[in-house]
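Peer 1: fold the following, please.
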Amino acid sequence: MVNQTTGNRPGTLLERLVLDETVNRLKNLDVPTDALTWHRFFGALLLVLLVLLFLSGAFMALYYSPAPGSAYDSVDYALFTVPFGDVIKGIHHYGWNLFLAVLGAHLVRGFLVGAYKAPRQLIWVSGVLILLFVPIFIITGDLLPWDQKGYWSTQVRLSIIGSVPLIGDFIVRLIQGGPLTGIVALTRFYVLHILFLPGLLVGLIVIHFHFLKNRGLSDPLSGSDFAAKRVRFFPVVINRWLILFLCVTVMLGLISWYWPAPLGDPADPTDATYVPKPEWWVLFLNQLVTIFKGPWSVIGSVIIPGALAGLFIALPFIDSSPQRHPAHRKAVMLVASILAIAVLVLSILGYMEHFRGSHP
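Peer 2: Residues are numbered from 1 along each chain as shown. Okay, here's the model as predicted:
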């Protein structure tokens, strides 16, 4: 049969796979030169970290056994017996910490330059949804090693979720599979962590890039002609991303080699005296729960965090003026500064209470 595309010449592999037009479009795709500047660095770094998290997580899943009696031993084996297992586990551990920090910095940068302004409102909304979605990964992943910290941290989080009026108890029983945290809960957390959550996250990122492609990058506040100049996406942008991927992999690998990821003692559900210390990213939320106690706990655990999340999502529609420079958005910058100071103060108080106050 004659190949209609190439005549009598056999089709290339890309033609046989019907990918030739897609590859050609990528080769001809160009992006603003501004995409290569330092303040656009966070987006590329987030993609690097996401790939590393998926790869390291897939490696650890090869050795993991999602059962309370064997989960800890399987993690211990992967960490201390499998060649370079400690490095890969460390890349996963430090990678998500860095991913969350960079994602926050990425959104802060977008806020400062007014990148959420029309017509890019949905780029901002999808980015905030990704930020709010990532902690679910951390919550489900903490339980998987089945050590003391992961087990009791999960108990604290489930108790906070259970305090949500009307639906809290239902959500806890749904994800826990019953009144106790056992094999059903561990299995559900595992399936969520490696299957459903990655799929949903990839979907959110695809939506984010869809809006980004159609609405474009925000113009520089400096008014330079970076946006007018264009460079090829392939190979210029791809090559720079690969260099960044290599550098970040080496950096996280060295950190993991010298400071291996922690693994505590095996979980003991009967040891109610163990008090887990909160992670850095949740210190301010933990302090809110500490401030509002008893019947008022719902304020710190649901109302204030929910209001902040809603405010971030609705920001493009609240601040709808065309002005993007911070000097022309004084009211918004003032409110943001007050919120940032409040989060910082609460985080410092939480650190002093849980990390300094634990020592006499």
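
Peer 1: packing partners of the longest helix along the chain?
Peer 2: If each helix of the chain is counted by residues according to DSSP state H, the longest one is helix 85-112. Judged by 3 or more C-beta pairs under 8 Å, 6 or more residues apart in numbering; DSSP states H and E, helix 85-112 is in contact with helix 41-61, helix 71-80, helix 121-143, helix 238-258. Bear in mind the C-beta positions are built from the backbone N, C-alpha and C, glycine included.

Peer 1: kindly recompute the last result at 10 Å.
Peer 2: Secondary-structure packing of helix 85-112 (3 or more C-beta pairs under 10 Å, 6 or more residues apart in numbering; DSSP states H and E): helix 41-61, helix 71-80, helix 121-143, helix 238-258, helix 304-318, helix 330-351.

Peer 1: what residues does the last one touch?
Peer 2: Contacting residues not belonging to helix 330-351 are listed as 108, 111-112, 114, 277-278, 280-291, 304, 308, 311-312, 315, 318-319, 321, 323, 326-327, 329, 357 [C-beta atoms under 10 Å, 6 or more residues apart in numbering].

Peer 1: for it, which positions count as buried?
Peer 2: 332, 336, 343, 346, 347, 349, 350, 351 (16 or more other C-beta atoms under 10 Å).

Peer 1: once you drop chain neighbours, what's closest to the residue most central in space within the chain?
Peer 2: For the chain, the residue nearest the mean C-alpha position is residue 134 (3.7 Å; C-alpha atoms, centre = their mean). Closest residue in space to residue 134, ignoring its immediate chain neighbours: residue 100 at 5.9 Å, by C-beta to C-beta, 6 or more residues apart in numbering.

Peer 1: surely that neighbour meets residue 94?
Peer 2: No: Residue 100 is beyond contact range of residue 94, at 11.1 Å (criterion: C-beta atoms under 10 Å).

Peer 1: only C-alpha atoms, please: export stretch 65-76 in PDB.
Peer 2: C-alpha atoms of stretch 65-76 as PDB (Å, rounded to 0.1, in the frame of the first residue of the first chain):
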ATOM      1  CA  SER A  65       3.700  -3.100  51.300                       C
ATOM      2  CA  PRO A  66       0.500  -1.200  52.300                       C
ATOM      3  CA  ALA A  67      -0.200  -3.200  55.500                       C
ATOM      4  CA  PRO A  68       0.400  -2.100  59.100                       C
ATOM      5  CA  GLY A  69       2.400  -5.200  59.900                       C
ATOM      6  CA  SER A  70       4.800  -4.800  56.900                       C
ATOM      7  CA  ALA A  71       4.700  -1.100  55.800                       C
ATOM      8  CA  TYR A  72       7.400   0.100  58.200                       C
ATOM      9  CA  ASP A  73       9.700  -2.800  57.400                       C
ATOM     10  CA  SER A  74       9.300  -2.300  53.600                       C
ATOM     11  CA  VAL A  75      10.200   1.400  54.000                       C
ATOM     12  CA  ASP A  76      13.100   0.500  56.200                       C
END
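
Peer 1: what's the offset of that stretch from the middle of its chain?
Peer 2: 25 Å (C-alpha atoms, centre = their mean, to the nearest Å).

Peer 1: packing partners of the host helix or strand of residue 297?
Peer 2: For residue 297, the host element (DSSP states H and E) is helix 297-298. Using 3+ C-beta pairs under 10 Å, 6+ apart as the contact test, the elements touching helix 297-298 are helix 148-162, helix 283-291.

Peer 1: so which of these comes closest to residue 55?
Peer 2: helix 148-162 (21.9 Å; C-beta to C-beta).

Peer 1: I'd like the next helix or strand past the closest one.
Peer 2: helix 168-176.

Peer 1: now do the next helix or strand after that following helix against helix 168-176, angle only.
Peer 2: Scanning forward in sequence from helix 168-176 by DSSP H and E, the next helix or strand is helix 183-191. Orientation check (axes from the mean of the first three to the mean of the last three C-alpha atoms, to 10 degrees): helix 183-191 against helix 168-176 gives 80 degrees.
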